[in-house]
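S.K.: Here is my input, please return the structure:
(2 chains)
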2 protein chains.
Amino acid sequence: MEDDPTLRLRVFDLNCWAIRYLSKRRQERVRLIGDMLQQEGFDLVLLQEVWSEQDYSDLKVKLGGYYPFSHYFRSGVIGSGLCVFSRFPILDTLLYQYSLNGYPYMLQHGDWFCGKSVGLQVSMWKSASLLLGSHQLHAEYCREKDAYLPHRLVQAWELAQFIRHTSKAADVVLLGGDLNMHPEDVGIRLLRGWTGLRDAFAEATHFEVSSRGGAGSQGTPRASHQPRHLSQGCEDGCTLVPNNCFTDKSELLPFPLGIRIDYILYKAISSFMVKCEELKTTTGAVPGMDVPFSDHEAVMATLHIQRQGEAASATLSTAGPMLADVVMEARTEVGVGLRVAQQQRYSSGRMAILALLLLLLQAAAALGALAGLDAGQPFPKLSFCLLAFLAIGILLLATGLYLFHTMEVKMLHGTEEQMRMVLQVLQERP
Amino acid sequence: MEDDPTLRLRVFDLNCWAIRYLSKRRQERVRLIGDMLQQEGFDLVLLQEVWSEQDYSDLKVKLGGYYPFSHYFRSGVIGSGLCVFSRFPILDTLLYQYSLNGYPYMLQHGDWFCGKSVGLQVSMWKSASLLLGSHQLHAEYCREKDAYLPHRLVQAWELAQFIRHTSKAADVVLLGGDLNMHPEDVGIRLLRGWTGLRDAFAEATHFEVSSRGGAGSQGTPRASHQPRHLSQGCEDGCTLVPNNCFTDKSELLPFPLGIRIDYILYKAISSFMVKCEELKTTTGAVPGMDVPFSDHEAVMATLHIQRQGEAASATLSTAGPMLADVVMEARTEVGVGLRVAQQQRYSSGRMAILALLLLLLQAAAALGALAGLDAGQPFPKLSFCLLAFLAIGILLLATGLYLFHTMEVKMLHGTEEQMRMVLQVLQERP
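M.R.: Residues are numbered from 1 along each chain as shown, chains lettered A, B, ... in the order given. Next up is the predicted model:
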């Protein structure tokens, strides 16, 4: 890098769906992923949903020869599931936990327990430093009635703020992961607009739809002159496709081609220029096997990094008015979430008070009975006892919910406030 | 600043102890703080433990004329209690929540509910940018048997990492707050060593002990030529002193002069030089009143910031071997905490399994009774029911504890790992 001012960087990103006991054919798939990474020899590998530390350790042993540096991020009850393998030294790591990440009582969704977070790594090859993030935002369980949208927006905002504040001394910023957002969603527009990150898929010079990947083999014009093996992928760069045997077909019904929710994003900070030369995705089953690597498709980008004399121009300032619109839109959604959270806080507070009143009433009745003030038939002891336990249970639960929703209200309010401040700055700018 | 290469920056820091319903004479004290801030006219004011948003709003209205910019950080159930008033525009804010912050079941300590966090603000006056942090680490409740030490060390480490990663593009970094650590504690040595921050008290050119602040009016040599009103403070710069009517005298018994746990720390990043010209603390009761501003003393520093041609030298590299010792010490403490957390996780897991077994046993007995397999005297229904509820209660509680301690183990383990990585880098350095 010191002598040669250019570098080709091959980046691999995959949501591995490796949940112990729950993910189908997990061990087989992790082994296949390891084999492929060993053969392909990428420069940087970002993996999500590697929930078992054992799987990480196995991969580490297997890949140690080609990727001497790696890191596994620990957080939450289960872990973050994030790990990185690198050909370049990892100099430092930082964990950022989102302030909102779903609800602990939505056990079936489980996001709360995973402690989703941003892993930051600073790698360096000779004189250029790279800020690298691998991460996963809160999943979307129902697109039509998406209760988690405000949480995901808060996460997108915090992620964008985190990148803005930590990336200033880097030469190149790279972010890969399962963002759980469609390309046109407000969250992704917010993240891209506020950080200036570019979408490798949208910027790729070469991308060709594989014959296996979608409705047919329609090469996009920008890729028509490329040999097939170099630049194949699912149509529209989708990473959740009907072609994959593990995806939920009913979820993908409104999207016959699939959806794109896994991304590689990048930008150059200082006197560097980054271009995406090529983008590929996997296309369902591993060639020659009946199983894909994961329920998501992997995203693979080849970036061309070039040192140049002058500092890169800020992409942010040009997009001022458009950015203000996106922030405004996001703020409206966060505001909606805030009102819902306030309503839920109110409901759980009322429930707690009712349970408390019931308990007090029972205590008074019991005291009355003890003092011999019984009028008429006594209440059956067993039912009385059951009722008291029920009241205690509801009181505890409702208090817990009240505290949780209070925290949610604070965070949504805080984010709304931050967005308001940014809007003011954006609108004051000429 | 553009024309004049020097700037005198007056910084005020105070833990306000303004907890609604709990803090004594809160409203009166907040009013006094507001009056004093208005009169004194600092450049930057960092306040902690302003738990009531109403108090913040009142202060904002009162101080709006002199401090046109302010921000209140919202987080946790109660809030973060952190707010900042500034004469300079606040351009951006970022909230970093520590991954560990005490135990939710230690209600009497309450740290868990407060969502302690780092508030980052980027102010700018003409061409120089300032990174400003105001924050509070987990309180120390018992120095001899400090169960929270590992949590506080994880926080100190995360804070240091946060500062390192976010400060690279700033000109000056300023950190003020109640760190809940004595100057010689491993946490503060870790924070200072790993970030290169300097302690305003230790660096101050002028500091003189007030006649009211300690055992007597012994001016330190470095201040003997200074007029008294300019440079007064409690002996050793203590911020929890026996002289303050709100401090717990029994806690301060081993420290007759008091303890110093509130700090103003600073460093210059790029081509700036920062010196602490003068440091002051309040000394118990407000002059002419019978009440102090808070149970903590305020710290006031006058910093002299000068632009210079060459970039400031890194203070980090010189302290390599010493820093390695500190990181090693901290890692040992975190390791101790890790083993305690693992033990607690094991205990709560065992408890949960026992409760589950009891429930299963009861279910089997109940089924047996229903099927008419009763041998001998039946178990009284009420006791049977009470026992079942008890078992359910213990099961829920123990499961909650298990999840919590699992999270704690993950975070302590992750921090230990990070420290190990840093140690490796430090030791490899010549």
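S.K.: what number of residues lie near the residue in the stretch 251-400 of chain A that chain B sits nearest to?
M.R.: Across the stretch 251-400 of chain A, the shortest distance to chain B (CB to the nearest CB) belongs to residue A:389, at 4.8 Å. Where you see a C-beta, it was placed from the backbone N, CA and C, and this is true even at glycine. By other CB atoms under 10 Å in any protein chain shown, 17 other residues sit near residue A:389.
S.K.: Same question for residue A:266.
M.R.: Residue A:266 has 25 neighbours, counted by other CB under 10 Å.
S.K.: Now do stretch A:358-366: distance to the chain's middle.
M.R.: 48 Å (CA atoms, centre = their mean, to the nearest Å).
S.K.: on that earlier part again, so the residue of the stretch 251-400 of chain A closest to chain B belongs to a helix, correct?
M.R.: Yes: under DSSP: H, G, I helix; E, B strand; the rest coil, residue A:389 falls within a helix.
S.K.: quick one, what contacts it?
M.R.: Shown in contact with residue A:389 (CB atoms under 8 Å, 6 or more residues apart in numbering or on different chains): residue B:389.
S.K.: ok, 10 Å please
M.R.: Listed by CB atoms under 10 Å, 6 or more residues apart in numbering or on different chains, the contact set of residue A:389 reads B:385, B:386, B:388, B:389, B:390, B:392, B:393.
S.K.: are any of those residues buried, and which?
M.R.: Listed as buried from these are B:385, B:388, B:389, B:392; burial here means 16 or more other CB atoms under 10 Å in any protein chain shown.
S.K.: Leaving out chain neighbours, which residue sits closest to residue A:157?
M.R.: Nearest residue to residue A:157, sequence neighbours excluded (CB to CB, 6 or more residues apart in numbering or on different chains): residue A:415, at 5.6 Å.
S.K.: Which helix or strand contains that neighbour?
M.R.: Applying DSSP states H and E as the criterion places residue A:415 in helix A:381-428.
S.K.: thinking again about what came up before, may I ask which two of the buried ones among the contacts of residue A:389 are separated the most?
M.R.: Longest distance between any two of the buried ones among the contacts of residue A:389 is 10.8 Å, between B:385 and B:392; criterion CB to CB.
S.K.: Regarding chain A, what is its longest strand?
M.R.: strand A:6-18 (DSSP state E).
S.K.: So which elements touch the next helix or strand after it?
M.R.: With elements assigned by DSSP H and E, the helix or strand that comes after strand A:6-18 is helix A:26-40. Identification of packing neighbours for helix A:26-40 by 3 or more CB pairs under 10 Å, 6 or more residues apart in numbering or on different chains; DSSP states H and E yields strand A:6-18, strand A:44-50, helix A:53-63.
S.K.: Following the chain past the last one, name the next helix or strand.
M.R.: Read that as helix A:53-63. Following helix A:53-63 in sequence, per DSSP H and E, is strand A:69-72.
S.K.: can you dump the C-alpha coordinates of that next one into PDB?
M.R.: Below are the C-alpha coordinates for strand A:69-72, written out as PDB (Å, rounded to 0.1, in the frame of the first residue of the first chain):
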ATOM      1  CA  PHE A  69      -6.900 -12.100  12.700                       C
ATOM      2  CA  SER A  70     -10.400 -12.500  14.000                       C
ATOM      3  CA  HIS A  71     -12.800 -11.200  16.700                       C
ATOM      4  CA  TYR A  72     -16.000 -12.400  18.300                       C
END
